[in-house]
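Asker: turn this into a model:
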Amino acid sequence: MEYLTHSLIDKSEAQQIVKKLKAEKNSWQDGKKTAGSYAAKIKNNFQLDRNSELSIELRDIISNKIISNPLLKSFTLPSLIHGLMLTKSLAGHGYGIHIDNPYMPSGRSDLSFTLFLNDAKDYKGGELCIQKFNKTENIKLSAGEIIIYPSTQLHSVAEIKEGERYVCVGWIQSYVQSNEDRNFLFGLDAGAKRLLSKHGRSDELDLIFQAYSNLLRRLGD
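Answerer: Below is the predicted model of the structure:
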């Protein structure tokens, strides 16, 4: 599985977050401030000052939602969720093709995520575009939905044609650095849990969970 989409927060909760972001007038900064010298040339948005009270409040809420979600924990095996930013993009804004830095001051970027906060109908354009070998995935999710994808992928944000786009972006340092190894473990964990829910505990399932745990020990940091 190359990426995962999931409903992380209720639509009403996402709307409340956007309401707070729109009410905040003094803490928005040029997005180029946190971009490297190369990325700054193609990054065009606003981001909430990471030291503002609202930014700290919302980052804590979103981080806790991710870490407490069983599906996302199984998919990402997170050791650290870091670098969260609340961003606002207006008409004419966008972010050209780039790759996230492998190591940031806040941690290693194994996985990147975007949590969409306002409805797709609120703005035109603004798709997250993930580059693949022979095609581009253009992704625009509903309010409260998150996409998590490997930080090794080239990606961009399409130009906003109309309206405003609010998202939270961030990164995950995983206990298992390899995308391929994480996918193996995710499939094994998901299959075992489905068998458990259908048939209950068994000696055979104990062996599967043992294999999963020992693989995680071997493959993890």
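Asker: and Glu91, helix, strand or coil?
Answerer: Heads up, residue 91 is Ala, not Glu. Secondary structure, DSSP: H, G, I helix; E, B strand; the rest coil: Ala91 is coil.
Asker: try Ile66
Answerer: Strictly by three-state DSSP, Ile66 counts as helix.
Asker: surely it touches His82?
Answerer: No. Using CB atoms under 8 Å, Ile66 is not in contact with His82; the gap is 11.2 Å. For glycine as for every other residue, the C-beta is placed from the backbone atoms N, C-alpha and C.
Asker: between those two, which one's more packed in?
Answerer: Shown here are Ile66 and His82; by other CB atoms under 10 Å, Ile66 has more neighbours (21 against 18).
Asker: quick check: neighbours shared by Ile66 and His82?
Answerer: Shared contacts of Ile66 and His82, defined by CB atoms under 8 Å, 6 or more residues apart in numbering, comprise Ile172.
Asker: export stretch 130-146 as CSV, just CAs?
Answerer: Taking C-alpha atoms only, stretch 130-146 is exported to CSV below (Å, rounded to 0.1, in the frame of the first residue of the first chain):
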residue,chain,number,x,y,z
ILE,A,130,1.9,12.6,-5.6
GLN,A,131,4.2,11.6,-8.4
LYS,A,132,4.5,7.9,-9.5
PHE,A,133,6.6,6.3,-12.2
ASN,A,134,4.0,6.6,-14.9
LYS,A,135,1.3,8.8,-13.5
THR,A,136,0.4,11.4,-10.9
GLU,A,137,-2.2,10.8,-8.1
ASN,A,138,-4.2,14.0,-7.6
ILE,A,139,-5.8,13.8,-4.1
LYS,A,140,-8.4,16.2,-2.5
LEU,A,141,-10.1,14.8,0.5
SER,A,142,-13.1,15.8,2.6
ALA,A,143,-12.8,17.9,5.8
GLY,A,144,-11.4,15.7,8.6
GLU,A,145,-9.7,13.2,6.3
ILE,A,146,-6.0,12.5,6.3
